[in-house]
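Engineer: Okay, sequence plus prediction incoming.
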Amino acid sequence: METFDLLLTGFGNSLTPFNLVIMIFGVALGLIIGALPGLGSVNGVAILLPLTFLVSPTSAIILLGAIYYGAMYGGAVSSILLGIPGASTAVATTFDGRPMALNGQAGKALILAAVASFVGGTVSVILFTFFAPPLAELAIVFGSAEEFALVVLAFTTFFGLSGDDKWKTLIMIALGLVFSCVGLDLISGKPRLIFGDIPGFYHGIHFVVLAIGVYGIGEMLVTIEENHGKISLSAASITFREIIQGMYDTLKRWTSLTVGTLLGFFVGMLPAAGATPAALMSYGVMRNLSKEKDSFGKGASDGVVAPEAANNAASTGAFLPMMTLGIPGSPTTALLLGGMVIWGLQPGPLLFVENPDFVWGLISSLYLANIASVILMLLGIPVFVAALRMPFTILAPIVFALCIVGGFAPTLDLHDVWLILIFGIGAFILRKLDYPLAPLVLALVLGPLLEKSFRQSVIASQGSLNIFIERPIAATLLGIAVILISIPVLSVIKRRLL
Amino acid sequence: MTRRTAELLTSLFLMIFSIYLMYESAKLPIGWVKGAGPGGGMFPFYMALLILIGSLITTIKTLLDWKQAGDDIQNKNLSPFLNTKAIKLLSVVILLLLATVTITQFFGMYVAIPLLMLVYLRFLGKHGWVLTGTITVLTPVIMFFFFEISLRIILPKGATEKFFQHIYALIG
């Protein structure tokens, strides 16, 4: 029952009036960011991360965690009311949520989404609470060889599991890793890749700079390009009675809830997968399991419940490897991980020993953030409808201004604001050509760890590579990595032979 | 521009960029230093090599698709790279952003950001003067109190530095 005691202490930390206010503010902000087309949790966290450097790390992570959660809930709002996903994680919600809204059931669809999100989110936080401590304990013996193997494994999941073009994925991972090398060489202390001799590159490429470029500027450019036409908004209003009825309807669909939650949690843990594929997968599974297959795509309740439970469960699942191993399970958690480093914390198994206040404060705040999200989402439906009426031409300059000012804040160097623009335009072009951007951001965040762990291992074994084979855990992890890389290669060979 | 032209140009750019990255990496030892493992430039050098290989293969794939596509207008590779209706707006927005940062360089953010707001709201958004004016005036005030006063982050001011000394003197 040690976990339970720690959790109670955590509630003690996260329940201070200041943190509660911050959390409710974060959830409200997240809901609106999630509801706005073009902006999701990763964009909200990227744009607002520079603003958290003033408060304590616990308050900062509570704020960002709340934005993350709120945005997961909010994504459903524009999927249902506008028919365009508020965030990529809510794509699957449009399949049946939009038809429901067009049938005049927008209110019902929103309630289903909110309650399903709550169940998926809460059950997965409970899973997290019990999985995380043993995993952290297991990982505490990890040395640099195991760390290296883990990071390699995280990258290889992109090859074996994601649907993107393998070569483009490879290019993006390698590009992110090269960017992570810019600055002073960790071991020799010499300047490296400073592009001739540009002083702005001596402090390296800050991950916030890349994240704001990709998820702030780049995302807005994509939205400008794609949603140039008119968007129509469905009306929605709900009564208290409908909320109670909707809760009952959602809980009745326990198969969808279970499929969504479990699939979401475990798929969410994988760096390559995350909330979007988790939601799409659970939608597909439910369509196959359902007795009313034909109603899918025309406004089936299960088609809203399953993906919404899944994307919220996945957002919690992504926390698990980030907190226990220091390997983020999604782009958003990669940003949170980068934030933790700035706040002076070392993510990974030692965090549970050295900063229990932070860890359990975060975990307890996730429980509270779920409760706050579901309440605010249901009460706030009129507010969202108003927010969605806000013309994009007002939102866009505000986001651009936030990107420019926010990009200056972490390093106080105008050089980085120029970089944000370059990254933003580059990311826009790459995204239009289906280059995956998540591996790029993940590689920049994990690059230093990958290189450091490799070079430290090799230095420790006097320049020999045998260390990666001699240590059983490292060898096993690398073995799995080799298998993941070979999946696409084998499938190509199979196709050629048949 | 068709999608495949954009695809080829991007691959070409990535190839040139990766060669440049290799050249930059090679300024540090890229070989195996005896007894100490890899040199400082080895890791980025080989990563840049991977970019080169990846882009080469992407180019070959695009060219192979080219042969297959023929004159089929429905083919994805022949479709326009960008939404033609949006190109003008996109270029204006990108130029506006570049102008904003250039102005920041000389006159600081408190001039550049309100200007961005003004131009975007009034000329791209076609909003009324009341709304445009309110947001344009409020933005620098909020920026100042949020960043300079509460976060103590000094934003770049360029030529307007002197003016702010009076404000600081007023606040104390």
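Structural biologist: Looks like it came in fine. Numbers count the residues shown, from 1 in each chain, chains lettered A, B, ... in the order given.
Engineer: Which elements pack onto the lowest-mean-pLDDT helix or strand in chain B?
Structural biologist: The element with the least model confidence among the helices and strands of chain B, by mean pLDDT, DSSP states H and E, is strand B:37-38, at a mean of 74. Contacts defined by 3 or more Cβ pairs under 8 Å, 6 or more residues apart in numbering or on different chains; DSSP states H and E place strand B:37-38 against helix A:438-460. To be clear about C-beta, it is placed using only N, CA and C from the backbone, and glycine gets the same treatment.
Engineer: and the helix or strand just after the helix it packs on, what other elements does it pack with?
Structural biologist: Next helix or strand after helix A:438-460 toward the C-terminus (DSSP states H and E): helix A:467-470. If contacts are counted by 3+ Cβ pairs under 8 Å, 6+ apart, helix A:467-470 sits against helix A:144-161, helix A:438-460, helix A:472-497.
Engineer: Compare the ones you listed and report which one is nearest to chain B.
Structural biologist: Closest approach to chain B among the helices and strands packed on helix A:467-470 (Cβ to the nearest Cβ): helix A:438-460, 3.3 Å.
Engineer: That closest one near chain B anywhere?
Structural biologist: Yes. Judged by Cβ under 8 Å from any Cβ of the partner chain, helix A:438-460 and chain B are in contact via A:451, A:454-455, A:458-459.
Engineer: Narrow those residues to just the buried residues.
Structural biologist: A:451, A:454-455, A:458-459 (16 or more other Cβ atoms under 10 Å in any protein chain shown).
Engineer: Could you dump those residues into a markdown table with pLDDT added?
Structural biologist: Formatted as a markdown table, those follow (pLDDT from 0 to 100):
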| residue | pLDDT |
| --- | --- |
| A:451 | 85 |
| A:454 | 87 |
| A:455 | 83 |
| A:458 | 84 |
| A:459 | 80 |
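Engineer: With distance to residue A:64 as added columns, please give those residues in CSV.
Structural biologist: What follows is these, written out as CSV (distance: Cβ to Cβ, whole Å):
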residue, distance to residue A:64
A:451, 27
A:454, 30
A:455, 31
A:458, 36
A:459, 35
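Engineer: out of those, who's nearest residue B:26?
Structural biologist: residue A:451 (16.7 Å; Cβ to Cβ).
Engineer: What separation do you get for the closest one and residue A:13?
Structural biologist: According to Cβ to Cβ, to the nearest Å, residue A:451 and residue A:13 sit 35 Å apart.
Engineer: follow-up on the earlier one: does any part of whichever helix or strand comes after the least confident helix or strand of chain B sit near chain A?
Structural biologist: Next along the chain after strand B:37-38, taking DSSP H and E as the criterion, comes helix B:42-69. Yes. Using Cβ under 8 Å from any Cβ, helix B:42-69 reaches chain A at B:43-44, B:47-48, B:50-51, B:53-55, B:57-58, B:61.
Engineer: can you tell me which of these lies nearest to residue A:139?
Structural biologist: Nearest to residue A:139 among the residues of helix B:42-69 next to chain A: residue B:43, at 24.2 Å, using Cβ to Cβ.
Engineer: Assess the claim that that closest one and residue A:182 are in contact.
Structural biologist: No. Shown here, residue B:43 and residue A:182 do not form a contact pair, counting by Cβ atoms under 8 Å, at 11.9 Å.
Engineer: Point out where the chain drops to low pLDDT.
Structural biologist: Using chain A here. Scanning chain A for pLDDT under 70 picks out A:1, A:37-38, A:86, A:160-163, A:228-233, A:272-273, A:496-498.
Engineer: that's the wrong chain, I wanted chain B
Structural biologist: Looking along chain B with the criterion set at pLDDT under 70, you get B:35-36, B:69-77, B:151, B:172.
Engineer: Let me have the helices and strands packed on helix A:467-470 in TSV, extended by distance to residue A:288.
Structural biologist: TSV is the format used below for those (distance: least, Cβ to Cβ, whole Å):
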stretch	distance to residue A:288
helix A:144-161	20
helix A:438-460	27
helix A:472-497	23
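Engineer: Which one, of the ones you listed, ends up nearest to residue B:120?
Structural biologist: helix A:438-460 (27.0 Å).
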